[in-house]
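Student: take a look and give me a structure for this.
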Amino acid sequence: MKESILIVLLFLLLHPFVIAQESPSSKKNELSLDILSFTRNNTIPGIVYKRKFKNAAFRIKLNSSFKSNEVNNTTPSPDSLISTIKTDKQNRSSNNQLFIGYERNKHIDSKWTILYGADLVVDFSFKNTTEKKVFKTNKEISANISTVTNETTNIKYGLSPFVGWNYYFNEYLIIGIESYITALYDRVDVSSTITEIKTSNVEKTVDSTSPTSTELNLSPNTLIVVGYRF
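Tutor: Residues are numbered from 1 along each chain as shown. All right, here's what the predicted structure looks like:
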């Protein structure tokens, strides 16, 4: 009698966990973070959202990164008429990727699932570099100032096939890995602005824009995600 009561109590205690392990697809929404993005500097963790259906899912993935630094340097000039050259350089860049796609799932058992599919990709990046040089002469109090600004806008779009697997700890928590290749057409716009201010307070500005270029860019990538199902 006591053994029967213990068996019943043990079953009641373990019943929720057993159900969770046997039914990993009972939740229709999945939100994951790419933990590999924490190892890269100035990168916002990649976010993946999936809406699950029977053996399939629609998915949206967003990756972002940014970088900014400034370098200041003052050096003696080799020119006898110029005492020092002060250089201030600023670099700012950002990159944003949006993936929208469809995946298929093949359940091996209640724990393991193989996934594969493809995403449409839009990749937008921007880079701004400003270099300011101040030439201090020996004879004059004022200085000549030269500022060069380069801006690069890069737009990529294409297709990204992927393959991977998920492991279900229970009904709510998963870990997964994906490998994918992005086949992107790359469009680049580059513009430069040069501004010179001389001691006579005469300002001269020159703008130039390079021709737009388009090329195919192939790059493999891997992500490891930890997700929550709800």
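
Student: now the strand or helix carrying residue 30 - C-alpha only, PDB.
Tutor: According to DSSP states H and E, residue 30 maps onto strand 29-34. Provided in PDB are the C-alpha atoms of strand 29-34 (Å, rounded to 0.1, in the frame of the first residue of the first chain):
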ATOM      1  CA  ASN A  29       6.200  31.300 -30.300                       C
ATOM      2  CA  GLU A  30       9.900  31.300 -29.800                       C
ATOM      3  CA  LEU A  31      12.300  34.100 -28.900                       C
ATOM      4  CA  SER A  32      16.000  33.500 -28.900                       C
ATOM      5  CA  LEU A  33      19.300  35.400 -28.400                       C
ATOM      6  CA  ASP A  34      22.500  34.700 -30.400                       C
END
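
Student: all helices of the protein, in order?
Tutor: Secondary structure of the chain by DSSP state H: the helices cover 2-22.

Student: quick one: low-confidence parts of it?
Tutor: Along the chain, the model assigns pLDDT under 70 to residues 1-25, 41-43, 74-85, 135-143, 198-215, 217.

Student: neighbouring strands of the strand holding residue 30 in the sheet, and parallel or not?
Tutor: strand 43-53 (antiparallel), strand 213-229 (antiparallel) (DSSP bridges).

Student: could you list the buried residues of it?
Tutor: Residues 30, 32-34 are the ones in strand 29-34 that count as buried (16 or more other C-beta atoms under 10 Å). For the C-beta atoms, the positions are set from N, CA and C on the backbone; glycine is no exception.
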